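S.K.: build the 3D model from these lines:
(4 chains, ligands or ions: 6)
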Amino acid sequence: MSGELYEVISAVGETIIGNRQMLTDLDAAIGDGDHGINMARGFEAVKAKLQTLETESDIGKVLKTVGMTLISSVGGAAGPLYGTAFLRAAVPSQGKTELDVETIGLMLEAAIAGIKERGKATTGEKTMLDALVPAYEAFQDGAKTGKSVIECLELACEAAQQGVEFTKTIIATKGRASYLGERSRGHQDPGATSSYIMLKALLEHLRRQ
Amino acid sequence: MSGELYEVISAVGETIIGNRQMLTDLDAAIGDGDHGINMARGFEAVKAKLQTLETESDIGKVLKTVGMTLISSVGGAAGPLYGTAFLRAAVPSQGKTELDVETIGLMLEAAIAGIKERGKATTGEKTMLDALVPAYEAFQDGAKTGKSVIECLELACEAAQQGVEFTKTIIATKGRASYLGERSRGHQDPGATSSYIMLKALLEHLRRQ
Amino acid sequence: MVGVVIVSHSQKVAEGIREMALQMSAPEQKIIAAGGMADGGIGTDAFQVSEAIISANTGDGVAVMVDLGSAVLSTETAFEFLDEELRAKVQIADAPILEGAISAVVEASLGSALAAVIATAEGARTLNKC
Amino acid sequence: MVGVVIVSHSQKVAEGIREMALQMSAPEQKIIAAGGMADGGIGTDAFQVSEAIISANTGDGVAVMVDLGSAVLSTETAFEFLDEELRAKVQIADAPILEGAISAVVEASLGSALAAVIATAEGARTLNKC
Ligand SMILES: Nc1ncnc2c1ncn2[C@@H]1O[C@H](COP(=O)(O)OP(=O)(O)O)[C@@H](O)[C@H]1O
Ligand SMILES: Nc1ncnc2c1ncn2[C@@H]1O[C@H](COP(=O)(O)OP(=O)(O)O)[C@@H](O)[C@H]1O
Ligand SMILES: [Mg+2]
Ligand SMILES: [Mg+2]
Ligand SMILES: [Mg+2]
Ligand SMILES: [Mg+2]
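M.R.: Ligands and ions are numbered 1, 2, ... in the order given. The predicted structure is shown next:
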């Protein structure tokens, strides 16, 4: 695995692990208070798994391993959802050792389609999709006007952050928070938040290069 | 507790314990295969408890203890049902040290009312009531014509046995056997069987006196 | 806050549901498992149930979740061991035990009254999973 | 005979339901518990579920009982790890997990086909307990 790829994934993982408490607190308000624990456990497992992939340079293969690892280690709804997202993102990136704007766009598209299919969800249901879908749309807007990967990701992060804010205004109709009905309003969705911070971590890592 | 009373309850208990396998086999066919285990466990607990009641001569008090013990030790549906039956039978026998035909009639009546109430059941549902209700009616017929306790119990046992046979012809609409619907037909009800063998044990014990 | 008692023939089931429900609960919410026989075997024990109801009550009553019909028999038997006052504010939910318990715990955590907790538990019958 | 898999976030719940269901089962009937995470924690594990499905199948298919929506996500993820043939004869019951599992086991023990087992499990929604 290229040092670069390893570092990108590690950066995302460390950010999730570092935000463990914050994500857990958000989930405690409208769920079962484990989203941070789940995601941190998942990325700890990914971290351990990455050691065994040192010689793998195919981005698709690495992302597939990340997805499988998340599926088996996260435990909560986010496991199959993010796991499927990574598995799907692994398809357009298969055989690639570097990514361009177009491929990243395809990866985001495939990941979102996977989450929608797995979760039988769409935007406006107070889930990770409320961060990811606007992020993807903003990314594609940037791509259409010829922006760079970093510029496109900046647009995506901004949109994701607004998406997270938006989740405060709506009630949950998918996942555990939907048990609370009207009471879920006013709180930001943990999954949307973790999606945003993963994108943000990716952007910041690339900026540092 | 009078030696007589102790022996009656012991005789009933030993009969249940001795029929443990048979009752369990009947329950395995249309239930969860534990009726004999449950009832034997219950009467083992009664046996242990009786030791502590040596000085008690009030039949009502002893039956109350039997009922409470069955409730806490039987485990299956039969626990609350027979437990309630004994508790209710303890009311007309309270303060008595001997029983006559009239009192036994009242005890049976109260016991059956308790089972009906607790089980929200009636005859024809393939339960212990299909043995107990005809037994009670036959007992009362005997009582009306001035028969002795033993003679009345003989009539009751005969009716109970016919009741057990009748349960083979109907489907269960109460209890676990009702899961089987039409498939429960053709099998005799374990609870009706245990009711019959308890009455029979009582009769045989009295005959031996 | 309305307490919740979980009556199952299996100790593991009652305890596992309690652990799952605790994840959705408010601090200090009373969720009591009453599963299995005293010896750990499969069955229900009316005395264990009545003790569970007593410990689940903090004054606002108790919703009881049951697994099978015979758990209802034990629970109603347990009611006879309660004092009048408590008995008046204990109710069995005619609901699936796990789904009902989690719904009941969420509803109770919002400070709802017993009737609403029971209604929400019973509403769990019609929740779609997929 | 149709196999039954019990997918719960709690290992105790899945095992306890299995023990209760075994009491109503035919000899050699396959009832597999897939509860909790590999480390015993609360959660579901799609790989554990796919292994459970494989071991529950004796050729007639498998009915999967789930506790919460996120167990459905894991189970449907597990389906992706199965070969086409098995995948075609596995189905999730939209039923209460405990009541559905016991009903499913009884129906399967009678030799019924997968569709009937699923239908009976789903019918457990409307069983009245009291
Ligand atoms: N059906 C769904 N579709 C999309 N996202 C979902 C769905 N259900 C839950 N989520 C996301 O998962 C997050 C919760 O994840 P987590 O706490 O790990 O799972 P759990 O609810 O099983 O404890 C939610 O905040 C939401 O964003
Ligand atoms: N609601 C009811 N009313 C009256 N009798 C019942 C009822 N439910 C079950 N029974 C009786 O209980 C017997 C089963 O007892 P047992 O095997 O100890 O209980 P379980 O079904 O809980 O394992 C049945 O054979 C039937 O006679
Ligand atoms: Mg959560
Ligand atoms: Mg969770
Ligand atoms: Mg039984
Ligand atoms: Mg039983």
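S.K.: against which helices or strands is the helix or strand harbouring A:A156 packed?
M.R.: A:A156 belongs to helix A:149-167 when elements are defined using DSSP states H and E. With contacts taken as 3 or more Cβ pairs under 8 Å, 6 or more residues apart in numbering or on different chains; DSSP states H and E, helix A:149-167 sits against helix A:101-119, helix A:129-144, helix A:190-208. For the C-beta atoms, the positions are set from N, CA and C on the backbone; glycine is no exception.
S.K.: around chain A, which positions in chain C sit nearby?
M.R.: C:Q23, C:M24, C:I102, C:S103, C:V106, C:L110, C:C130 (Cβ under 8 Å from any Cβ of the partner chain).
S.K.: again, 10 Å this time
M.R.: By the rule Cβ under 10 Å from any Cβ of the partner chain, the part of chain C lying against chain A is C:20-25, C:102-103, C:105-107, C:109-110, C:120, C:124, C:127, C:130.
S.K.: what's the closest of the helices and strands packed on helix A:149-167 to chain B?
M.R.: Comparison of these against chain B by Cβ to the nearest Cβ identifies helix A:101-119 as nearest, at 34.3 Å.
S.K.: surely A:L23 meets A:A29?
M.R.: No: in this structure A:L23 lies outside contact range of A:A29 using Cβ atoms under 10 Å: 11.2 Å.
S.K.: which one of those two has more residues nearby?
M.R.: When A:L23 and A:A29 are compared for neighbours, A:L23 comes out ahead with 24 against 15, by other Cβ atoms under 10 Å in any protein chain shown.
S.K.: separation between the more buried one and A:A192?
M.R.: 11 Å (Cβ to Cβ, to the nearest Å).
S.K.: re the thing from before, kindly supply the PyMOL command isolating those of the residues of chain C next to chain A that are buried.
M.R.: A single PyMOL command selects the buried members of those (16 or more other Cβ atoms under 10 Å in any protein chain shown):
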select buried, chain C and resi 20+21+23+24+25+102+103+105+106+107+109+120+124+127
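S.K.: inside helices: which ones of the residues of chain C next to chain A?
M.R.: The helices, defined by DSSP state H, take in C:M20, C:A21, C:L22, C:I102, C:S103, C:V105, C:V106, C:E107, C:S109, C:T120 from those.
S.K.: pull the contacting residues for the fifth one.
M.R.: Shown here is C:S103, whose contacts under the criterion Cβ atoms under 10 Å, 6 or more residues apart in numbering or on different chains are A:179, C:21, C:24, C:65, C:93, C:95-96, C:117, C:119-125, C:127.
S.K.: for chain A, which residues are neighbours of ligand 4?
M.R.: A:D32, A:D34, A:G76 (Cβ under 5 Å from the ion).
S.K.: any of those residues buried? List them.
M.R.: A:D32, A:D34, A:G76.
S.K.: make a markdown table from those residues and add secondary structure and pLDDT to it.
M.R.: Below are these laid out as a markdown table (DSSP: H, G, I helix; E, B strand; the rest coil; pLDDT from 0 to 100):
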| residue | secondary structure | pLDDT |
| --- | --- | --- |
| A:D32 | coil | 95 |
| A:D34 | coil | 96 |
| A:G76 | coil | 96 |
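S.K.: out of the residues you listed, who's near ligand 6?
M.R.: Near ligand 6, by the rule Cβ under 5 Å from the ion, you find none of these.
S.K.: nearest to ligand 6, of these?
M.R.: A:D32 (32.3 Å; Cβ to the ion).
S.K.: what's near enough to touch the closest one?
M.R.: A:24, A:38, A:76-77, A:176-177, A:179, C:20-25, C:102, D:9, D:42, D:68, D:70.
S.K.: how near is it to ligand 3?
M.R.: To ligand 3, A:D32 is 4 Å away according to Cβ to the ion, to the nearest Å.
S.K.: check contacts around the residue nearest to A:G76 when sequence neighbours are not counted.
M.R.: In space, not counting the residues next to it along the chain, A:G76 is nearest to A:N38; the distance is 4.2 Å by Cβ to Cβ, 6 or more residues apart in numbering or on different chains. Taking Cβ under 10 Å, 6+ apart as the criterion, A:N38 is in contact with A:16, A:20, A:23-24, A:27, A:32, A:70, A:73-79, A:82, A:190, A:194, D:37, D:41-43.
S.K.: can you tell me which of those residues end up in helices?
M.R.: Going by DSSP H, the helices hold A:I16, A:R20, A:L23, A:T24, A:D27, A:L70, A:S73, A:A78, A:G79, A:Y82, A:P190, A:S194 from the contacts of A:N38.
S.K.: correct me if wrong: the second one contacts A:I37.
M.R.: Yes: using Cβ under 10 Å, A:R20 is in contact with A:I37, at 6.6 Å.
S.K.: of those two, who's got more company?
M.R.: Shown here are A:R20 and A:I37; by other Cβ under 10 Å, A:I37 has more neighbours (21 against 18).
S.K.: check contacts around the closest residue to that one other than its chain neighbours.
M.R.: Computed as Cβ to Cβ, 6+ apart, the closest residue to A:I37 that is not its neighbour in sequence is A:T24, at 5.6 Å. Neighbour list for A:T24: A:G31, A:D32, A:G33, A:D34, A:H35, A:G36, A:I37, A:N38, A:M39, A:A40, A:P190 [criterion: Cβ under 10 Å, 6+ apart].
S.K.: return the distance of A:T24 relative to ligand 5.
M.R.: In terms of Cβ to the ion, A:T24 sits 44 Å off from ligand 5.
S.K.: gap between that residue and A:P190?
M.R.: 8 Å.
S.K.: what is in contact with these two at once?
M.R.: With Cβ under 10 Å, 6+ apart as the test, A:T24 and A:P190 both reach A:G31, A:G33, A:D34, A:H35, A:G36, A:N38, A:M39.
S.K.: please report how far the last one lies from chain B.
M.R.: As defined by Cβ to the nearest Cβ, to the nearest Å, A:M39 lies at a distance of 42 Å from chain B.
S.K.: out of the contacts of A:T24, who's nearest A:V66?
M.R.: The nearest member of the contacts of A:T24 to A:V66, counting by Cβ to Cβ, is A:M39 at 12.6 Å.
S.K.: could you give the angle of the helix or strand encompassing that closest one to helix A:190-208?
M.R.: If you go by DSSP H and E, A:M39 is part of helix A:35-50. Calculated by axes from the mean of the first three to the mean of the last three Cα atoms, to 10 degrees, helix A:35-50 forms an angle of 50 degrees with helix A:190-208.
S.K.: now helix A:35-50, how far from the centre of its chain.
M.R.: Helix A:35-50 has its C-alpha centroid displaced from the chain centroid by 13 Å (Cα atoms, centre = their mean, to the nearest Å).
S.K.: for that helix, buried residues please.
M.R.: Buried residues in helix A:35-50 (16+ other Cβ under 10 Å): A:35-46, A:49-50.
S.K.: picking that back up, hmm, the helix holding A:A156 in reach of ligand 1?
M.R.: No: shown here: helix A:149-167 not in contact with ligand 1 (Cβ under 6 Å from any ligand atom), separated by at least 8.2 Å.
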